[in-house]
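> fold the following.
(one chain, ligands or ions: 3)
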Amino acid sequence: MTLIQNVKLNNELVSLLIEDNLIKQIAPTIAPTPEMTVIEGEENTILPGLIDVHVHFREPGLTYKETIKTGTKASARGGFTTVFAMPNVKPVIDNPESLQQMIELNQRDGVVKTQQYAAISSNLSALDNTDIEKMAQMGAIGFTNDGCGVQQANIMYEAMLKAKDVNKPIIAHVEDNSLTNQGVMNEGESSKKLGLPGISPLSESSQLARDLVLAHSTGVHYHVAHISTKESVELVRLAKQMGVNVTAEVSPHHLLLDDSMVESDNPMMKMNPPLRSKADRKALIAGLIEGTIDMIATDHAPHSQEEKQGSMTTAAFGIVGIETAFSLIYTKFVKSGLVDLATLVKWMSKNPAQAFYIQGGQLEIGKPADLTIMDLDSEYEIKAEDFLSKGTNTPFLGWQVFGQTKYTIVDGKIAYKG
Ligand SMILES: NC(=O)N[C@@H](CC(=O)O)C(=O)O
Ligand SMILES: [Zn+2]
Ligand SMILES: [Zn+2]
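Ligands and ions are numbered 1, 2, ... in the order given. Got it, this is the predicted structure:
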């Protein structure tokens, strides 16, 4: 048994008793007994474990960037107790055998709960569909070609029909390759000024419009990954009004940065989709607050230093985010007074749990003890040397933030201690 003493829950000091993997009791005080392991909460804030439905852990095949071990340790440090891993590893998780190996590896090496996505098409690009039925039975949390847009409508349509049949979601990286112009940042004033090729925002929204029509027809749960444009927000709003079973995620970087801040050819500002315009960013924030966008997901995308140096024209797309998401959103949205802490928990735990039918999002007696204890009061600087991820590729190094993880507990066991 583990006793957590003196933690703030909805602004009241409480103690929590954990037996096996479950929350057994929550009360103003609980007297410790000799058989209890005691965690002193020091009046820090206890929250349901955060849930990230979009991470890249790079194992197998690209372990110089990240492994299940380093990625999940970083997740625990970020306050996350459940993450959903993308299938764009090497080789791609596009068949039952590699899915089985991946599930076993996640189970063996993950210090947080790691759910696995499988691909829609072989190698993320072939004009086929994977064995969605079998991989759903095996426990894939959903199906996605993240990293690439699905270029052919019929391939997406067939995948939706199959996923609907087995009651699993399709997660879409929407990108029409005929409109990307081999760009490395958003198409706009900044790209012109810097002389860099720009990615049209239409490459995202036009494919999203297609998919929403297909989702309407098939009834599948369709989840939009890393939504980045104002047109996309409007399309999701309209689709929800039409009764489409759609959810959407936005990344912290698209909420906090825009292309007006890309003042030089800086690979740390390169990710897909790119940082969009100020107007897009404003629409994303409004969409999140009004509920059109359901959740925040990091799109944690670690790369080596070599891959993220030099020019944006040659650097890899993607930034890490799992260790900075909570503190950034807490500092810029909650501490600043825009929303309350419960809203952050809704965006980063409750809504992801609800949308994907997994446990979590609430601290409740009888439920798994997946939780995090956060110091919300002391300011600190985001530093690469503190990261547990192998990747330090983020434009947020040097930012001053609040919200530091003291403990992350998964199924009653300590996964991270600060
Ligand atoms: N977001 C990125 O810029 N990169 C991701 C792929 C993806 O999420 O599309 C990656 O795997 O590195
Ligand atoms: Zn993507
Ligand atoms: Zn991704």
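> wait, does stretch 172-189 contact ligand 3?
No. Shown here: stretch 172-189 not in contact with ligand 3 (CB under 5 Å from the ion), separated by at least 6.6 Å. Yep, even glycine has a C-beta here, placed from its N, CA and C like the rest.
> near ligand 2 at all, that stretch?
Yes. Stretch 172-189 is in contact with ligand 2 by CB under 5 Å from the ion, via residue 173.
> quick one: is that stretch near ligand 1?
Yes. Stretch 172-189 reaches ligand 1 (CB under 6 Å from any ligand atom) through residue 173.
> quick one: mean pLDDT over that stretch.
When pLDDT is averaged along stretch 172-189, the result is 98.
> ok, and the closest non-adjacent residue to whatever residue of the chain ends up closest to ligand 2?
Nearest residue of the chain to ligand 2 (CB to the ion) works out as residue 173 at 3.4 Å. The spatial neighbour of residue 173 that comes closest, neighbours along the chain excluded (CB to CB, 6 or more residues apart in numbering), is residue 146 at 4.5 Å.
> again, but for residue 358
According to CB to CB, 6+ apart, the nearest residue to residue 358 is residue 82 (6.6 Å).
> got it, and residue 264?
Closest to residue 264 by CB to CB, 6+ apart is residue 194, at 7.3 Å.
> go on, residue 269?
Spatial nearest neighbour of residue 269, chain neighbours left out: residue 262 (4.7 Å); criterion: CB to CB, 6+ apart.
> now do residue 62
Per CB to CB, 6+ apart, closest to residue 62 is residue 90, 5.5 Å.
> with residue 53 instead?
Per CB to CB, 6+ apart, closest to residue 53 is residue 84, 4.5 Å.
> packing partners of the helix or strand that contains the one you found?
Assigned by DSSP states H and E, residue 84 falls within strand 80-85. Here strand 80-85 touches strand 50-55, helix 68-77, strand 113-118, strand 371-381, strand 400-410, going by 3 or more CB pairs under 8 Å, 6 or more residues apart in numbering; DSSP states H and E.
> who is the residue nearest to residue 53 paired with across the strands?
Going by DSSP bridges, residue 84 is paired in beta bridges with residue 115.
> what parts of the stretch 1-150 of the chain come near ligand 1?
56, 88, 146-147.
> so which of those wins on neighbours?
When these are compared by neighbour count (other CB atoms under 10 Å), residue 56 ends up highest, at 26 neighbours.
> ok, now how distant is that one from residue 283?
Separation of residue 56 from residue 283 (CB to CB, to the nearest Å) stands at 26 Å.
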